[in-house]
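J.: Here is the input, now give the coordinates:
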Amino acid sequence: MSYIGSKPASKPVVASDIDPTVITGQTALAVAPADTDEFLISDAGTLKRLDASLIGGGKVLQVVSTVKTDTFDTTSQTYVAVTGLSASITPSATSSKVLIHVVISMGTGSYTAHYTLRRGSSTDLLIGDAASNRSRVTAVPNPGDTDTTRKLDSVPTVFLDTPNTTSATTYQPYIKIRQSGHTIYVNRNANDNDASAYDPRVTSTITLMEIGA
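T.: As a prediction, this is how the structure comes out:
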């Protein structure tokens, strides 16, 4: 092999051999590498390029959470959003998944309510299969206490969604009451007397985690 000038010395590369304007704190990544970023690795002595998208699959890339401590109620027989209990996340890649964890606390008196988890305002997630005229829901809180007006159900929901987007995406519980003339409550029971031993105020939460592909 011929060379222009002197043949390079056969020795290990040391810090003095590297141009400090190329590799320095000035060029260090300030955030997690994007999928299109590249690294050089040695594969049995051969330098190869490695895309960042191939590194670290399954990592939690970001977490967003909302806690609702106030109350909400509705008499609607069609689904309405639970105000103050939503969270929005912007995935960093279309291949990312979103792990959703919801705990919603509901009091229904003597009538059942329906609850569904939605992406946006119309996409139902985690609902039962279609079966004629039967409702398809995420969960149904039912009264079960001897005094149903004091009943509170804290319903946990965990779901791994694939939104396939890098746009801001909102998740939120929607609820409705089964029969007209009745009310479903969030973070309180139907009785709600000012009695510290029987009628508590509780919380509901929603947490979103972006999971790298």
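
J.: residues in contact with P163?
T.: Applying Cβ atoms under 8 Å, 6 or more residues apart in numbering to P163 gives the contacts 91, 96, 98, 119, 169. Every C-beta, even on glycine, is put in place using the N, C-alpha and C of the backbone.

J.: Give me the secondary structure label for it.
T.: Classification of P163 by DSSP: H, G, I helix; E, B strand; the rest coil places it in coil.

J.: rewinding a little: and the furthest pair within the contacts of P163?
T.: Across the contacts of P163, no pair lies farther apart than S96 and R119, at 13.8 Å, counting by Cβ to Cβ.

J.: what about those two, which has more around it?
T.: More crowded of S96 and R119, by other Cβ atoms under 10 Å: S96, with 23 against 18.

J.: residues touching the more buried one, list them.
T.: By Cβ under 8 Å, 6+ apart, the neighbours of S96 are 61, 163, 210-213.

J.: can I get those in a markdown table with secondary structure?
T.: Putting the contacts of S96 into a markdown table (three-state DSSP) gives the following:
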| residue | secondary structure |
| --- | --- |
| L61 | strand |
| P163 | coil |
| E210 | strand |
| I211 | strand |
| G212 | coil |
| A213 | coil |
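
J.: And the residues you listed, which is closest to P156?
T.: Of all the contacts of S96, P156 sits closest to I211, with 18.8 Å by Cβ to Cβ.

J.: quick check: longest strand of this structure.
T.: strand 97-107 (DSSP state E).

J.: where does the closest residue to S180 other than its chain neighbours land in three-state SS?
T.: Nearest residue to S180 in three dimensions, chain neighbours excluded: Q77, at 5.9 Å (Cβ to Cβ, 6 or more residues apart in numbering). Three-state assignment for Q77 (three-state DSSP): coil.

J.: Surely Q77 and I175 touch.
T.: No - Q77 lies out of contact with I175 (Cβ atoms under 8 Å); the separation is 10.9 Å.
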